[in-house]
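Q: Take a look and give me a structure for this.
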Amino acid sequence: MYERALQNIALHLSSREAQQRVLQNIRRVRNEAMVTIGQAARLFEFSESQLRDWERSGLLKPVRSAAPPDARGSVKQRQYSFDELDKLALIYELIHYANMTPGHIPADVNTLWEQVRASTPASNDDMTLSQPDAYHEIYRYITRRSEHVYQNELFWRLYTSHALYLSLKLLYEDFPGTYAGLILPAKTLTRATFEGELLPEQLPNRVGEALVGWLAQTRFFSTFLTTAPAFEFPSDFRIVSLPGSWEREQSEALEPRSSSDATLMVVPRDKLHKLHLDSNHVSLVSRLLAPLYENRQNWSTILGQGMKDLVQPGMDRASSVPDIVLNSLADMVIHLGGKLPEGEMRWHHCCILLPDETYLPLQERRLKVRAVSQDGAKLMDITLYPLEHYSTTVSIRAFLGSHILYRDVLTRADTTEKLARLEGPVRSCIAVPIGGEVTQPLGILYVASYQEQAFSKEDQRLLRLMARMAEEILRSYEVRQHLSRDLSALMEDPTNTDTLFANFFSEDQLIRDIEALLAYVQERKWVEQHEGVPALSQEVSFLAVELHDQDNLHNKYEYLLLRNIYLRVGELIDKHFRSLSSLSGYSRSYHIYGSRYYIPLPGVSLDEARKEAKKLKKTLDDDYTFTSLYVPTQDIVPLSPAQHLAGIVANVGITSYFYTKLEDIMQRYPGRSASEVRILVRNIILNALDVTLKRAQKIDGNVIVSWDRDRDEMISFPAD
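A: The predicted structure follows:
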């Protein structure tokens, strides 16, 4: 046997992937002992004649056993034992994955296989023949395997990565160009582990197997399991144990206070001041990570070495560091373009251009090259400006027009002098919008060729698909950035999800305030505080405000602009009531949803509330003017200076209650607890406000709907 062939076989079989495939095939057929030649051929997709040829060459050695007599009498049939089936699994691997011919495979290849296996270090997640049959059955069938992975592994992979990522973001102040990580030991650590400072070079021996979440300098985040966490340059890092992790009053305590208290942080040696290790942050992180510790017996199954690593890429738009994922995508585009007969690539280079400032109007955004294929390296970080003398570039035109622009013969009018100098002799090019099919485009996939007419219709379809892939990657970047945005605001006020309306009370706060008012009435404290004052003078009024013709507004304006309008309505309401010194009980408006606001007015009579409602409606029924400076957050669509939105009309509803009336309503529920009564009456008050706005929506919008005590019903009256 050729020595070179033996070396090639040993090299191929030493790879973990090849060994796993062989073992899978062995397990798959092991239960079918002494199969016939037909069965053996079927199991490995060989023909019977191939097996006979290999038997004649000595590669296979089946046994012959008596078979039931047939028309020709008793005959001997070939039977394949476990060992021969194992050898067929090896032959299958070497033919299909190592590109070897049967003539180069020795008869004792199974002996070589055992030697290779013995010399290959075992891994935690290696599949061995001693694993339970139930496990084999799960992974044997496609449907069962996919269901098992989806139900038992996928969630844990996602949760593990998200929990580690968010925990790291909570504990460590993020800024470009830095890195940090979390280490979760698989074993319970003793106090001896933390005697003195735990040095990075001590991690492998003291910590052992651990789960790692690592944020790299280029902002991608990876999650993986390692047998011993170690660093190439340990002196660059510091290891930090979360505060309060160990009970110091007991000497030599062997356990941390909770399962997640053994978590370690890794930060650059000079960035310790960037840590947020107060009790609130640490407590939240502990809760996020606790399920991981509880499930650590399955870490090797979920995130073991090999193909189970989970990497979630990210991109820092402010950094000039190339994005590896997008660069690889650009390289793949060039590869998919194929080669010319002379052996050169049909397409020369590919670029992915992204806008610098996404909050600007589309026509004002600059496009910057953020990823390039290998032959386009000179174009990295080139910026195209949306100015008149640059607007002829196909990338800018495609971005603004949301159409593919293809120049089968490139002219000087389609490029710039600087681009032409950097790109070389480009003869044809194409610019494909990334996104833009439903929402605004995210960027441009640009491909150039040194050949004329280099992009056929089929090529354009292919490039559209590649642009879709780029869109998915970019949107995943945006989602990950959004996931960790404003975590400090979340810690301070977890009830407020939309910071745009942070200056207004929520519906929950309104409910609590109404119930507090009802408790005040139940206890009759208002009588004690107003002795000698007629009871009927104690009154509370409510105003309800909502823009008229909501369906038309939603059809006319997009969601982000509507939020800008809704905020403006709330600000006008707040400004109106704060200017009235007589309304001492007013604090802030309550934003319910959309343009709907409720305004409680304690101590304001029904007549006074009607007068204020007329003034407020006159303020709200006006043309709204926005400028580009009116951008509370980058989520709000900036408008051009002095842009007007005409025809805005507000609906206003009024309800009012004497305190004695509220007492009467609450007495309708005998046998109920005081808290239950408050809930029931609170709902009556809120439902009445809702009725006023529904009534106003059905009218022309130039009326105010109010409760009329004399007629005991809702009425409408002109707002003029």
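
Q: pLDDT value on residue 364, please?
A: For residue 364, the pLDDT comes out at 77.

Q: sec struct for the residue nearest to it when sequence neighbours are not counted, please.
A: Leaving aside its sequence neighbours, residue 364 sits nearest to residue 386 (C-beta to C-beta, 6 or more residues apart in numbering; 6.1 Å). For glycine as for every other residue, the C-beta is placed from the backbone atoms N, C-alpha and C. Under the three-state scheme (DSSP: H, G, I helix; E, B strand; the rest coil), residue 386 adopts coil.

Q: All the helices of the stretch 351-500 of the chain, in order from the start?
A: Using DSSP state H, counting those that start in this stretch, the helices of the stretch 351-500 of the chain run over residues 394-401, 417-423, 457-483, 487-492.

Q: isn't the residue nearest to residue 364 right next to residue 368, touching?
A: No: under the criterion of C-beta atoms under 8 Å, residue 386 is not in contact with residue 368, lying 12.0 Å apart.

Q: follow-up on the earlier one: among the helices of the stretch 351-500 of the chain, pick out the one with the most neighbours on average.
A: Per residue and on average, the most neighbours among the helices of the stretch 351-500 of the chain fall to helix 394-401, with a mean of 21 (mean count of other C-beta atoms under 10 Å).

Q: now residue 160: how far from residue 211?
A: Residue 160 is 7 Å from residue 211, where distance means C-beta to C-beta, to the nearest Å.

Q: overlap in contacts of these two?
A: Both residue 160 and residue 211 are in contact with 223, 292, 303, where contact means C-beta atoms under 8 Å, 6 or more residues apart in numbering.

Q: Restricted to helices, list these.
A: 292, 303 (DSSP state H).

Q: what about stretch 334-342, how long is it end to end?
A: End-to-end distance for stretch 334-342, by C-alpha to C-alpha, to the nearest Å: 16 Å.

Q: In stretch 35-49, which residues are buried?
A: Neighbour counts over stretch 35-49 (16 or more other C-beta atoms under 10 Å) mark 35, 36, 37, 40, 41, 43, 44, 46 as buried.

Q: Start and end of it, how far apart?
A: One end of stretch 35-49 sits 16 Å from the other (C-alpha to C-alpha).

Q: Please list the residues outside that stretch that contact it.
A: With C-beta under 8 Å, 6+ apart, stretch 35-49 has contacts from 25, 28-29, 32, 50-52, 62, 77-80, 84-85, 88-89, 91-92.

Q: which outside residues touch stretch 266-274?
A: 172-173, 175, 178-183, 200, 235-240, 275.

Q: one more time with 7 Å, if that's ok
A: 172-173, 178-181, 183, 236-240, 275 (C-beta atoms under 7 Å, 6 or more residues apart in numbering).

Q: Give me the buried subset of the residues you listed.
A: For the contacts of stretch 266-274, buried by 16+ other C-beta under 10 Å: 172, 178, 179, 180, 181, 183, 237, 238, 239, 240, 275.

Q: In helices only, show me the buried residues of stretch 35-49.
A: Among the buried residues of stretch 35-49, the members falling in helices (DSSP H) are 37, 40, 41, 43, 44.

Q: Could you list the low-pLDDT ranges of the stretch 401-550 of the chain?
A: Counting by pLDDT under 70, the stretch 401-550 of the chain has low-confidence residues at 525-537.

Q: Strands along that one, start to end?
A: 405-407, 428-435, 441-449, 539-547 (DSSP state E, counting those that start in this stretch).

Q: what do you get for the stretch 101-250 of the chain?
A: With DSSP E, counting those that start in this stretch as the criterion, the stretch 101-250 of the chain has strands spanning 180-185, 210-215, 221-226, 237-241.

Q: follow-up on the earlier one: shared neighbours, residue 386 and residue 368?
A: Common neighbours of residue 386 and residue 368, counting by C-beta under 7 Å, 6+ apart, are absent.

Q: Please tell me I have it right and residue 275 contacts residue 180.
A: No: the pair residue 275 and residue 180 does not pass the contact test of C-beta atoms under 7 Å, sitting 9.1 Å apart.

Q: that older thread, could you save the helices of the stretch 351-500 of the chain as a markdown table and add columns showing distance to residue 654?
A: Listed next are the helices of the stretch 351-500 of the chain as a markdown table, based on distance: least, C-beta to C-beta, whole Å:
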| stretch | distance to residue 654 |
| --- | --- |
| helix 394-401 | 49 |
| helix 417-423 | 65 |
| helix 457-483 | 40 |
| helix 487-492 | 35 |
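
Q: what's the closest of those helices to residue 324?
A: helix 457-483 (11.1 Å; C-beta to C-beta).

Q: Can you check what angle separates that closest one from strand 221-226?
A: 80 degrees (axes from the mean of the first three to the mean of the last three C-alpha atoms, to 10 degrees).

Q: Can we start the residue count at 15 from this point?
A: Renumbered: residue one is now 15, and that last one reads helix 471-497.

Q: Which elements pack onto helix 471-497?
A: Identification of packing neighbours for helix 471-497 by 3 or more C-beta pairs under 7 Å, 6 or more residues apart in numbering; DSSP states H and E yields helix 338-350, strand 442-449, strand 455-463.

Q: Highest mean neighbour count out of those?
A: By mean count of other C-beta under 10 Å, those have strand 455-463 as the most buried, with a mean of 26.

Q: for the nearest residue to residue 528 once chain neighbours are set aside, what are its contacts?
A: In space, and not counting its chain neighbours, residue 528 is closest to residue 696: 4.8 Å by C-beta to C-beta, 6+ apart. Residue 696 sits next to 525, 528, 529, 532 when contact means C-beta under 7 Å, 6+ apart.

Q: from the contacts of stretch 280-288, which is closest to residue 390?
A: residue 193 (28.1 Å).

Q: So that closest one sits against residue 233, correct?
A: No: the pair residue 193 / residue 233 is not scored as a contact, 9.5 Å apart, by C-beta under 7 Å.

Q: which neighbours do these two share?
A: By C-beta under 7 Å, 6+ apart, no residue touches both residue 193 and residue 233.

Q: Kindly format the C-alpha coordinates of stretch 692-709 as CSV.
A: Provided in CSV are the C-alpha atoms of stretch 692-709 (Å, rounded to 0.1, in the frame of the first residue of the first chain):
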residue,chain,number,x,y,z
ARG,A,692,-63.0,51.4,44.3
ILE,A,693,-62.0,49.3,41.3
LEU,A,694,-65.7,49.1,40.1
VAL,A,695,-66.3,52.9,40.4
ARG,A,696,-62.9,53.6,38.8
ASN,A,697,-64.0,51.6,35.8
ILE,A,698,-67.2,53.6,35.6
ILE,A,699,-65.3,56.9,35.5
LEU,A,700,-62.9,55.7,32.8
ASN,A,701,-65.7,54.2,30.7
ALA,A,702,-67.6,57.5,30.9
LEU,A,703,-64.6,59.3,29.5
ASP,A,704,-64.3,56.8,26.7
VAL,A,705,-68.0,57.3,25.8
THR,A,706,-67.5,61.1,25.5
LEU,A,707,-64.7,60.6,22.9
LYS,A,708,-66.7,57.9,21.0
ARG,A,709,-69.6,60.3,20.8
